[in-house]
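Student: Take a look and give me a structure for this.
(one chain, ligands or ions: 1)
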Amino acid sequence: MFKQALAVLKEYFGYEQFRNGQEQVIEYLLNGENVACIMPTGGGKSICYQVPAMIFDGLTVVVSPLISLMKDQVDSLTAVGIPATFINSSLTANEAYERIAELKAGKYKLLYVAPERLEGDFFIELLNEVKIPFIAVDEAHCISQWGHDFRPSYSRLGAMINKLHKKPLIAALTATATPLVQKDICTQLQIEEENTVITGFERENLTFSVIKGEDRSAFIESFLSKNKEESGIIYAATRQEVEKLYERLRKKNYLVAKYHGGMRDTDRETEQQRFINDDCQIMVATTAFGMGIDKSNIRYCIHYQLPKNMEGYYQEAGRAGRDGLPSECVILYSPQDIRIQRFLIDQTTMDPNKQKQDLDKLQAMINYCHTEDCLQRYILQYFGEDTDYKCGRCSNCTDNRETVDVTIDAQKVLSCMIRMGERFGKTMIAQVLTGSRNKKLLDFSLDKIKTYGIMNQQSAKEVSDFIEFLISDAYIEVTTGALPLLKVTEKGKEVLLGRLTVLRKKQMETVKLSEDNG
Ligand code: ADP
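Tutor: You can find the predicted model right below:
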């Protein structure tokens with residue numbers, strides 16, 4: 001049967017061989033088993049269900065939340081001779097009826113639908129009249145409350161599929177799932193956990209960097225002047241930021257497009273097309289841009305502000321270099337952005353559990369910006385690939401500053417936290433260590449504790465950065481609540497006991513000009 005899969009791949013898609021992972025996913029299905037497939041954006045998930053759809057008898061149903069992309073997907077399948085269609089709210093009632101009749105008559109091999117569609121009994125009855133060998137659940141992370149894009153209709157999918165008289169096989173596909181989300185997908189869709197295929201999260205052609213303490217505008221200008229001919233995306237956190245940056249670049253005669261949720265659909269469509277057709281090089285956008293964009297020659301992806309979580313970040317950054325050529329993924333990090341992201345979480349989420357999850361995810365993102373470990377490795381570990389790999393390309397791997405022993409400073413910070421009762425946040429801890437006369441600090445009598453002022457050779461900012469470093473390397477954990485409080489971890493306690501050494505890249509010398517009272 002597998003030969004047949006290869007034949008379909010060649011005949012319809014014109015590819016000579018499967019990519020890593022595609023083969024395993026297809027094998028599970030052809031052997032009659034459910035499967036979960038976690039593959040990064042651009043990894044080739046579609047083939048994993050399109051090829052078996054052509055081998056199985058009957059109609060394969062693809063559940064996807066991306067209504068706006070269904071038409072494009074169907075058009076490209078039709079173009080290669082695969083009979084596919086979609087049913088969604090963009091159709092008139094007559095068109096929908098016509099398609100339903102065609103479906104019953106067996107005209108199609110693939111049907112794309114939004115998850116809400118499966119909630120109607122009418123639709124389930126329709127599917128009961130058609131032979132459905134399997135259901136592909138695309139963007140399957142939407143099923144999990146632990147994911148970054150939970151959709152209630154997805155969480156009802158398991159129950160809906162159970163309503164079908166003859167249970168189809170299930171293939172769940174996503175580009176972003178932490179181990180917790182993977183487990184959840186498997187439980188809800190009744191997939192054996194060992195039938196999870198995770199592949200190639202590493203992107204060998206991407207170079208990750210985190211730029212700290214540089215003027216963003218100056219960085220962008222210098223970066224763009226060096227990459228004039230190349231296509232790239234700049235993601236900004238808000239619509240206003242997009243507009244501002246767009247105007248600035250336009251005035252400097254860059255060929256630039258913009259995209260955000262506040263624009264009219266038609267304008268967004270035009271801008272997107274200009275970028276895709278290489279009529280302009282730069283796309284400045286909010287994260288609303290990019291879902292399903294298959295533009296292969298994107299050479300860089302710059303995040304102008306801190307992204308809100310690793311899942312989103314890797315998906316967005318992963319849009320660079322789909323053609324396999326070297327490409328850059330840069331975050332311009334400033335600690336002020338944390339406050340904006342916390343504020344956004346506070347504004348958009350009422351549920352305290354969800355808020356905590358979002359804050360934890362944000363913390364993992366902040367840790368990414370502060371780690372001195374290989375950035376690609378940090379990402380792989382975040383998504384559950386256990387590896388001690390070093391990419392050799394990222395801003396940390398290529399950072400050749402000397403490594404110094406900072407165990408004593410770490411002990412100062414950790415013991416100060418314990419003396420303060422582990423009831424405070426980063427700023428207050430840094431102020432106590434540097435001996436600030438801040439009123440709140442004095443009100444709490446924190447100037448009386450033994451560690452008050454023991455790091456007064458450094459500025460509060462430097463100590464604060466050092467604390468961020470200790471958090472990213474898990475000596476300190478952040479308990480996320482209304483106020484983020486810091487606690488010493490087990491690993492941190494080992495440092496206090498003198499059983500662990502803390503190493504850090506040598507920091508630039510800075511001159512302390514005046515008492516930093518925060
Ligand atoms: P994903 O859905 O995982 O983001 P796609 O399914 O859109 O990725 O595939 C990304 C690109 O890789 C597409 O251009 C696709 O045609 C190409 N591709 C997929 N499988 C193969 C293969 N076996 N050989 C070569 N190219 C492939």
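Student: which bits of the stretch 1-150 of the chain sit near the ligand?
Tutor: Contact residues (CB under 6 Å from any ligand atom) of the stretch 1-150 of the chain with the ligand: 15, 18-19, 22, 39, 41-47. In this view, the C-beta of every residue, glycine as well, is placed from N, C-alpha and C.
Student: Can you say which of these are buried?
Tutor: Neighbour-count burial within those applies to 18, 22, 39, 41-47; the criterion is 16 or more other CB atoms under 10 Å.
Student: In this protein, where's the longest helix?
Tutor: helix 352-370 (DSSP state H).
Student: same for the helix or strand following it, what does it pack against?
Tutor: As assigned by DSSP states H and E, the chain's next helix or strand after helix 352-370 is helix 375-382. Counting contacts by 3 or more CB pairs under 8 Å, 6 or more residues apart in numbering; DSSP states H and E, helix 375-382 is packed against strand 206-212, helix 310-317, helix 352-370.
Student: what residues does this structure put near the ligand?
Tutor: Proximity of the chain to the ligand is confined to 15, 18-19, 22, 39, 41-47, 294 under the rule CB under 6 Å from any ligand atom.
Student: can you tell me how far the residue of the chain most remote from its centre sits from residue 212?
Tutor: In the chain, the residue that sits farthest from the middle, by CA atoms, centre = their mean, is residue 448; the gap is 44.4 Å. According to CB to CB, to the nearest Å, residue 448 and residue 212 sit 34 Å apart.
Student: Any idea how far the longest helix of the chain is from the middle of the chain?
Tutor: Computed by CA atoms, centre = their mean, to the nearest Å, the chain-centroid distance of helix 352-370 equals 12 Å.
Student: Report the rounded mean pLDDT for that helix.
Tutor: Mean pLDDT, computed over helix 352-370, is 91.
Student: re earlier: let me have the helices and strands packed on helix 375-382 in a markdown table, adding mean neighbour count and distance to residue 30 as columns.
Tutor: Shown next, in a markdown table, are the helices and strands packed on helix 375-382 (neighbours: other CB atoms under 10 Å; distance: least, CB to CB, whole Å):
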| stretch | mean neighbour count | distance to residue 30 |
| --- | --- | --- |
| strand 206-212 | 20 | 32 |
| helix 310-317 | 23 | 29 |
| helix 352-370 | 19 | 36 |
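Student: May I see these organised as TSV, with distance to residue 107 added?
Tutor: TSV is the format used below for the helices and strands packed on helix 375-382 (distance: least, CB to CB, whole Å):
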stretch	distance to residue 107
strand 206-212	42
helix 310-317	34
helix 352-370	43
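Student: what packs against the helix or strand residue 493 falls within?
Tutor: Using DSSP H and E, residue 493 sits in helix 490-496. Applying 3+ CB pairs under 8 Å, 6+ apart, we find helix 490-496 packed against helix 407-419.
Student: now what about the helix it packs on, what contacts it?
Tutor: 424, 429, 432-433, 449-451, 454-455, 463, 466-467, 470, 475-476, 486-488, 492-493, 495-496, 500-502 (CB atoms under 8 Å, 6 or more residues apart in numbering).
Student: which residues are in contact with stretch 283-296?
Tutor: 66, 68-69, 72, 231-239, 242, 245-246, 249, 256-261, 271-272, 275-276, 307, 312, 315-316, 319, 322-323.
Student: how about that stretch: buried residues?
Tutor: Under the neighbour-count criterion of 16+ other CB under 10 Å, stretch 283-296 has 283-287, 289-290, 293, 295 buried.
Student: now do stretch 372-385
Tutor: For stretch 372-385, a neighbour-count test (16+ other CB under 10 Å) marks 373-385 as buried.
Student: Ok, stretch 105-116 next?
Tutor: Neighbour count says stretch 105-116 has 108-116 buried, by 16+ other CB under 10 Å.
Student: Put the alpha carbons of that stretch into PDB.
Tutor: Taking C-alpha atoms only, stretch 105-116 is exported to PDB below (Å, rounded to 0.1, in the frame of the first residue of the first chain):
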ATOM      1  CA  ALA A 105     -23.000  11.600  -5.400                       C
ATOM      2  CA  GLY A 106     -19.300  10.900  -4.500                       C
ATOM      3  CA  LYS A 107     -17.900  13.800  -6.600                       C
ATOM      4  CA  TYR A 108     -15.100  14.700  -4.100                       C
ATOM      5  CA  LYS A 109     -12.200  13.100  -2.300                       C
ATOM      6  CA  LEU A 110     -11.600  15.900   0.200                       C
ATOM      7  CA  LEU A 111     -14.000  18.300   2.000                       C
ATOM      8  CA  TYR A 112     -12.800  21.200   4.100                       C
ATOM      9  CA  VAL A 113     -15.100  22.400   6.900                       C
ATOM     10  CA  ALA A 114     -14.900  24.600   9.900                       C
ATOM     11  CA  PRO A 115     -15.300  22.900  13.300                       C
ATOM     12  CA  GLU A 116     -18.600  24.700  14.100                       C
END
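Student: so how far is it from its chain's centroid?
Tutor: Stretch 105-116 sits 29 Å away from the centroid of its parent chain (CA atoms, centre = their mean).
Student: what does stretch 32-52 give?
Tutor: 19 Å.
Student: One more: stretch 301-319?
Tutor: The chain centroid and the centroid of stretch 301-319 are separated by 6 Å, computed with CA atoms, centre = their mean.
Student: average pLDDT across that stretch?
Tutor: The pLDDT scores in stretch 301-319 average 93.
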